[in-house]
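*Asks:* Next input, structure requested:
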Amino acid sequence: MRFFTNQKKPGWVALRTSDDSTCIAHVIKPSDKILNGTKPTVVLGDTWQSSLKNDTATKNLLADLSLDNRHCSLLLTQGEYKLLHVEKPNVPANELKQALSWKLKDMIDYPVEQATIDIINIPTDPNNANRQAYVYAVAAKNELIADYIERLKDFSGSGLEVIDIPELAQRNIAAFIEQENRGLAMLSISSAGGLLTFTSGGELYHARHIDIDTKQLQSEVSNRKSSVLERLSLEIQRSLDGFEREFTYITTNRLVIAPFVGREDCYDYLKSFLNIQIDRFDLTDVFDFQSNVKLGDLATQASLFPVLGAALREEIPA
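*Replies:* Numbering: from 1, shown residues only. Below you'll find the model as predicted:
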């Protein structure tokens with residue numbers, strides 16, 4: 001969801017906030033993914049133990065960053081938006097949002113007139129032009145969006161240009177890891193739960209939240225931990241099977257696992273359970289980090305992962 005723009009410096013600053021912390025990243029990317037070995041450059045990446053929602057400490061931190069001359073986006077967290085898979089109405093492009101709003105009336109738990117709505121197109125089968133097209137509709141409350149815009153303006157003097165979601169942030173990172181003409185499954189897990197995405201050619205085809213978080217993966221009770229890993233494996237296998245049935249023209253040959261605490265046990269279990277190539281990746285595989293950015297351990301990488309993905313947006317033309 002894009003708002004207003006003006007002449008600003010290169011790159012994007014992305015923020016994500018919760019009740020007790022705020023993550024921020026500033027990334028400058030090359031024009032064509034990894035071009036001649038040039039990766040996106042991370043010039044800022046940090047996590048603060050304060051919230052954009054209600055903490056004056058965050059206001060002081062943001063005030064020092066001169067965000068008024070940067071492109072700024074805010075990444076919503078799970079529960080702040082709805083991502084809905086719906087049939088694409090057969091209407092002109094300029095009428096699509098209005099047509100979708102009628103479809104969403106019975107799919108969200110507040111009046112659709114109070115929602116900000118955007119659309120993510122899901123690519124269609126190039127070999128079957130007559131097949132029903134689908135889109136993802138994203139809906140968030142106007143009140144929530146307006147509150148974030150006002151807070152960021154108050155805290156930093158910056159106009160918020162884009163509202164983003166984790167599914168697209170993860171897609172942005174996947175685009176740098178994909179193999180040409182192949183689908184890629186990517187798994188990330190945080191304290192809020194798991195996210196499995198399927199991408200190809202830099203496009204998001206499918207996304208699924210999995211109700212398993214890092215706390216469950218770190219259980220000291222072996223039987224409980226084994227049960228969690230078994231459930232995760234089954235969820236991923238069902239998703240792989242379902243994706244293969246729905247998108248028969250895409251060959252998904254890899255599952256890549258993002259950084260998170262407990263990843264090694266997860267990797268070992270999935271590797272023994274799933275009949276697909278499974279790889280781990282670290283953020284240094286995708287990004288170059290300036291010396292002032294302390295990447296740290298898997299926990300630090302996991303907290304930065306979503307905002308780094310959100311900061312991999314295409315540049316706004318000058």
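*Asks:* what's the helix or strand bottoming out on mean pLDDT in the chain packed up against?
*Replies:* For the chain, using mean pLDDT, DSSP states H and E, the weakest element among its helices and strands is helix 56-63, scoring a mean of 83. When contacts are defined as 3 or more CB pairs under 8 Å, 6 or more residues apart in numbering; DSSP states H and E, helix 56-63 sits against strand 41-48, helix 142-156. Every residue, glycine included, has its C-beta placed from N, CA and C.
*Asks:* most residues in a single helix of this structure, which one?
*Replies:* Selection of the longest helix in the chain by residue count, based on DSSP state H, yields helix 222-246.
*Asks:* And the next helix or strand past that one?
*Replies:* Next along the chain after helix 222-246, taking DSSP states H and E as the criterion, comes strand 252-257.
*Asks:* Enumerate the positions of that next one that are buried.
*Replies:* Residues of strand 252-257 classed as buried: 252, 254-257 (neighbour count, 16 or more other CB atoms under 10 Å).
*Asks:* related to what we said a few turns ago, can you work out which other helices and strands pack against the longest helix of the chain?
*Replies:* Going by 3+ CB pairs under 8 Å, 6+ apart, helix 222-246 lies up against strand 183-190, strand 193-200, strand 203-210, helix 214-217, strand 252-257, helix 263-273.
*Asks:* hmm, try it at 6 Å
*Replies:* Applying 3 or more CB pairs under 6 Å, 6 or more residues apart in numbering; DSSP states H and E, we find helix 222-246 packed against strand 203-210, helix 263-273.
*Asks:* The last one relative to strand 193-200, how many degrees between them?
*Replies:* When you say that, I think you mean helix 263-273. 60 degrees (axes from the mean of the first three to the mean of the last three CA atoms, to 10 degrees).
*Asks:* Tell me which residues of helix 263-273 come out buried.
*Replies:* So, applying 16+ other CB under 10 Å, buried residues of helix 263-273: 263, 266-267, 269-270, 273.
*Asks:* Mind putting those residues into JSON lines with pLDDT and distance to Ser291?
*Replies:* Rendered in JSON lines, the data for these read as follows (pLDDT from 0 to 100; distance: CB to CB, whole Å):
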{"residue": "Arg263", "pLDDT": "96", "distance to Ser291": "26"}
{"residue": "Cys266", "pLDDT": "96", "distance to Ser291": "31"}
{"residue": "Tyr267", "pLDDT": "97", "distance to Ser291": "29"}
{"residue": "Tyr269", "pLDDT": "96", "distance to Ser291": "36"}
{"residue": "Leu270", "pLDDT": "97", "distance to Ser291": "34"}
{"residue": "Phe273", "pLDDT": "94", "distance to Ser291": "40"}
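*Asks:* Much appreciated, bye for now.
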